[in-house]
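> Sequence and predicted structure, then a few things I'm wondering about:
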Amino acid sequence: MSEWYYADASQQQHGPMSATDLQQSFQRGEIGLSTMVWRDDLSAWRKLSECVEELGLKEAPPATPGADQAPAAALAASEPAMAQSRCATPSAVLNSDSHLVTVDEVVQAGFWKRVAAHLIDNLLISIVASCITHSIWAPLEHGELLDSCPSGEASVIEIILIFPVIGCLLGLVQIAIAWGLCLIFSWPLLGAIYFGICHRFTRQATLGKMAVGIKVVRSDGSYITFARSIGRYFGFLLSSMTIGIGFLIAAFTRRKQALHDMLCDTLVVDKWAYTDHPERQRHNLGAVIIVILALIGILIVVMPLLMMML
């Protein structure tokens, strides 16, 4: 049986209710023919006068003070504000599908969704960081700068110009150590730029989060600022220093917040949360996430074997 909703003069939603309850409200004069109504298989709100035959309404009752309901224009004007609330304009298809959620529920991103997104993002950052590091280090690795020095070693000026930190600490002693340090120093910079821009200026999500259908918001559902996004990334690095405990916290907290989420007042939620289509949120992992986790699991098993063969 269909469930009905109606909006009163102050654009407050009432419902769900049965068709019988709606008829009784009409007969009592609580709503009028100009009242905007909606049920779960309608694409948009309609005036009650358009549903008279469907509801079997006989005649309009005498008007009572306050019974004059919001016209369509007033309801339309209120929709943007209503869409931003957790109880957005009802547009959910409420049926027996256990994966669909009610209109007032916000689906928090689960632990495995966040793991999958994290793996994708770190793969992208590692590729870019490695390319940058290799492009800087390649001339030294092939001896182009080393050969230019009479002693076979790079001068102090060359070291400082190319690798400030490495020049101060190591003086270009070993290529492997220099490569590792360069990668370590480039990674946080790339990560801060990547996460800062994506969480603030795109769909509130990095490429990894977009792939699994989640995003980052403030605890009230609003956008996070660029500064907070940068701070959240360094909070993420702090979580990394806790031997993973900062991440595991997300599996046990009520709102699935990791340590860096708590520090920066952020949430990771389904991409349809806090929108005008909350019914599209999903609790299940989804095929993309399952495939990603399966591939990572295979790599964990296969890579040691390949290393042994090589």
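The structure has been received and is ready for your questions.

> which stretches of the stretch 101-250 of the chain have low pLDDT?
Of all residues in the stretch 101-250 of the chain, those with pLDDT under 70 make up the ranges 101-104, 133, 136-186, 202.

> repeat that with 80
101-105, 129-187, 201-202 (pLDDT under 80).

> quick one, strands of it?
For the stretch 101-250 of the chain, strands defined by DSSP state E, counting those that start in this stretch occupy the ranges 214-218.

> you'd agree Phe236 is up against Tyr194?
No - with contacts counted by CB atoms under 8 Å, Phe236 stays clear of Tyr194, the gap being 11.5 Å. To be clear about C-beta, it is placed using only N, CA and C from the backbone, and glycine gets the same treatment.

> ok, those two, which is more surrounded?
When Phe236 and Tyr194 are compared on other CB atoms under 10 Å, the one with more neighbours turns out to be Phe236, at 21 against 17.

> Grab the nearest non-local neighbour of that one.
Nearest in space to Phe236, with sequence neighbours left out and distances taken as CB to CB, 6 or more residues apart in numbering, is His260 at 4.6 Å.

> Check Asp265 too.
Excluding its sequence neighbours, the residue lying closest to Asp265 (CB to CB, 6+ apart) is Ser219, at 5.1 Å.

> ok, the one you found - how many residues close by?
The tally of other residues near Ser219 (other CB under 10 Å) stands at 13.

> Kindly calculate the angle that the longest helix seen in the chain makes with strand 214-218.
Longest helix in the chain by number of residues, with DSSP state H as the criterion: helix 111-141. With axes from the mean of the first three to the mean of the last three CA atoms, to 10 degrees defining the directions, helix 111-141 sits at 100 degrees from strand 214-218.

> Report the residue ranges of every domain in the protein.
Residue ranges for the structural domains of the chain, counted by automatic domain parsing, are given in the record as 4-84, 111-309.

> Quick one: the ones you listed as a markdown table, columns for distance to Glu105 too.
Conversion of those to a markdown table gives the following (distance: least, CB to CB, whole Å):
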| stretch | distance to Glu105 |
| --- | --- |
| domain 4-84 | 14 |
| domain 111-309 | 7 |
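
> was I right about the residue nearest to Phe236 contacting Ala250?
No - with contact taken as CB under 8 Å, His260 and Ala250 are classed as non-touching, separated by 9.6 Å.

> so how many other residues sit close to the residue nearest to Val216 when sequence neighbours are not counted?
Closest residue in space to Val216, ignoring its immediate chain neighbours: His199 at 4.9 Å, by CB to CB, 6+ apart. For His199, the neighbour count with other CB under 10 Å is 26.

> With Ser2 as the reference, measure out to His199.
When distance is defined by CB to CB, to the nearest Å, His199 is 40 Å away from Ser2.

> What of Met309?
Look at Met309 and Ser2: by CB to CB, they are 63 Å apart.

> Over to Lys256?
To Ser2, Lys256 is 34 Å away according to CB to CB.

> what about stretch 275-290, average pLDDT?
Averaging the model's pLDDT scores along stretch 275-290 yields 82.

> so where do the helices sit in this protein?
Here the chain has its helices, by DSSP H, at 19-27, 52-55, 72-84, 111-141, 156-162, 164-169, 175-201, 207-212, 226-240, 245-248, 259-264, 287-309.

> and the second one, which residues are buried?
Judged by neighbour count using 16 or more other CB atoms under 10 Å, helix 52-55 contains no buried positions.

> Stretch 293-302 now?
Taking 16+ other CB under 10 Å as the basis for neighbour counts, the residues of stretch 293-302 that come out buried are Leu293.

> Other residues contacting it?
Contacts made with stretch 293-302 from outside it, assessed by CB atoms under 8 Å, 6 or more residues apart in numbering, are listed as 112, 115-116, 119.

> returning to what we had before: report the inter-axis angle for the longest helix of the chain versus helix 226-240.
Using the same axes, to 10 degrees, the inter-axis angle of helix 111-141 relative to helix 226-240 is 90 degrees.

> what residues are up against Asp270?
Residues 106-109, 213-215, 281-282 are the ones in contact with Asp270 under the rule CB under 8 Å, 6+ apart.
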